[in-house]
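Asks: The sequence isn't on hand, but the structure is:
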């Protein structure tokens, strides 16, 4: 819910330029990256995954709750950064818990199913945000309402999950090395991530594409509808994406996902009006589902269970640093040279990431 309106709140509500959106998203992702590696590593060392994840959910609730009181965009940077640090705490833990609960042969389906459920929630949130704006509500009303699902998720995770039972770990080195084939995946992810800017820019672009025909108020509502469509496509594609990853190979599906992001960027360059915005939502939503399922399933298949927390921390950390770079550069290009420059930058890095994945092919180098 918050993600759907935050770029519009920053630009239309607070009067900031597109570069501010890049700073907000970049700092948020960078903050998350700082804690992701430590979170995954610590959970592997101690076996205490649940407590860290609960702390992460609580931190996100506090950060998003602060948005209700904010009147200047630099403070949005602080609140969003805090919220995403919470996400950084919980994300590698959640991935490790999920990977440890299924067979390796079902990793793609498991992550695809999880992403589908996650995206259904992300679909309902923007729908509620759109309804609030359509009935005369404000951005701050949306932020206030968004606290409810955040608190409920925190309570559900705290009461319904538990750490898996396992034997007391033997004394281990401070850092356990990750296999070479995993680092091949990380290299390709880093290339793609440097151009994989936050969905906030697609929401911003949707509003820009709609504004000439619909005017500012309707374009703002239309941009939220775009994000609803984006999440609807992602929800529909998530489980099939995981199934394809298990059947065709995670690396192949991930390569296709990177190319879909390039296609979404080009759709944002080429068109204007409601039809073009709708067409942009299809590859954009599909790639989001395929990237998440593909990256996490492939990483889970390349490392042993005992170091998966560390591996997912590294993977998510590299993704976060990539998001920091991509959001700052895209925001700067968007402000200085126009949205087309930012979108073409994303296209170039997506194609480069797909090429890197095809060349490095981490699955080819995995031990039998």
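Replies: Arrived safely. Remember, predicted model here, so these are calculated numbers, not experimental data.
Asks: rest of the way, CA atoms for contacts and neighbours
Replies: OK.
Asks: Next up, phi/psi of residue 70, please.
Replies: Here the main-chain torsion angles of residue 70 (degrees, to the nearest 10) amount to phi -90, psi 140.
Asks: That one is in contact with residue 76, isn't it?
Replies: Yes: look at residue 70 against residue 76 with Cα atoms under 8 Å: they come within range, at 6.8 Å.
Asks: of these two, who's got more company?
Replies: Counting neighbours by other Cα atoms under 10 Å for residue 70 and for residue 76 shows that residue 76 has the greater number, 26 against 14.
Asks: Provide a list of residues in contact with the more buried one.
Replies: Remark: with contacts taken as Cα atoms under 8 Å, 6 or more residues apart in numbering, residue 76 is in contact with 24, 67, 70.
Asks: got CSV for those residues, with distance to residue 314 too?
Replies: CSV is the format used below for these (distance: Cα to Cα, whole Å):
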residue, distance to residue 314
24, 22
67, 29
70, 33
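Asks: The helix or strand harbouring residue 82: which residues count as buried?
Replies: When secondary structure is defined by DSSP states H and E, residue 82 falls within helix 73-99. By neighbour count on 16 or more other Cα atoms under 10 Å, the buried set for helix 73-99 is 73, 76-97, 99.
Asks: Now do stretch 177-186: distance to the chain's middle.
Replies: Stretch 177-186 sits 21 Å away from the centroid of its parent chain (Cα atoms, centre = their mean, to the nearest Å).
Asks: Same question for stretch 53-68.
Replies: Here the centre of mass of C-alpha atoms in stretch 53-68, compared against the chain's by Cα atoms, centre = their mean, lies 17 Å away.
Asks: Please apply the same query to stretch 271-286.
Replies: Relative to the centre of its chain, stretch 271-286 is centred 19 Å away, using Cα atoms, centre = their mean.
Asks: Any buried residues in that stretch, and which?
Replies: So, applying 16+ other Cα under 10 Å, buried residues of stretch 271-286: 272-274, 276-286.
Asks: Repeat that for stretch 178-187.
Replies: 178, 181-187.
Asks: how about a markdown table for these, with secondary structure and distance to residue 227 added?
Replies: Listed next are these as a markdown table, based on DSSP: H, G, I helix; E, B strand; the rest coil; distance: Cα to Cα, whole Å:
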| residue | secondary structure | distance to residue 227 |
| --- | --- | --- |
| 178 | coil | 37 |
| 181 | helix | 35 |
| 182 | helix | 32 |
| 183 | helix | 33 |
| 184 | helix | 32 |
| 185 | helix | 29 |
| 186 | helix | 28 |
| 187 | helix | 30 |
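Asks: Out of these, which comes closest to residue 359?
Replies: When these are compared for distance to residue 359 (Cα to Cα), residue 184 wins out at 9.7 Å.
Asks: And the helices in the chain?
Replies: According to DSSP state H, the chain carries its helices in the segments 2-8, 18-46, 50-66, 73-99, 107-134, 139-160, 180-193, 199-214, 216-248, 250-270, 274-302, 308-337, 339-360.
Asks: Quickly, which of those helices bottoms out on average pLDDT?
Replies: Here the helices of the chain differ in mean pLDDT, and the lowest is helix 107-134 at a mean of 74.
Asks: returning to that earlier point: distance between the helix holding residue 82 and the chain's centre?
Replies: 10 Å.
Asks: now it against helix 308-337, angle please.
Replies: Orientation check (axes from the mean of the first three to the mean of the last three Cα atoms, to 10 degrees): helix 73-99 against helix 308-337 gives 150 degrees.
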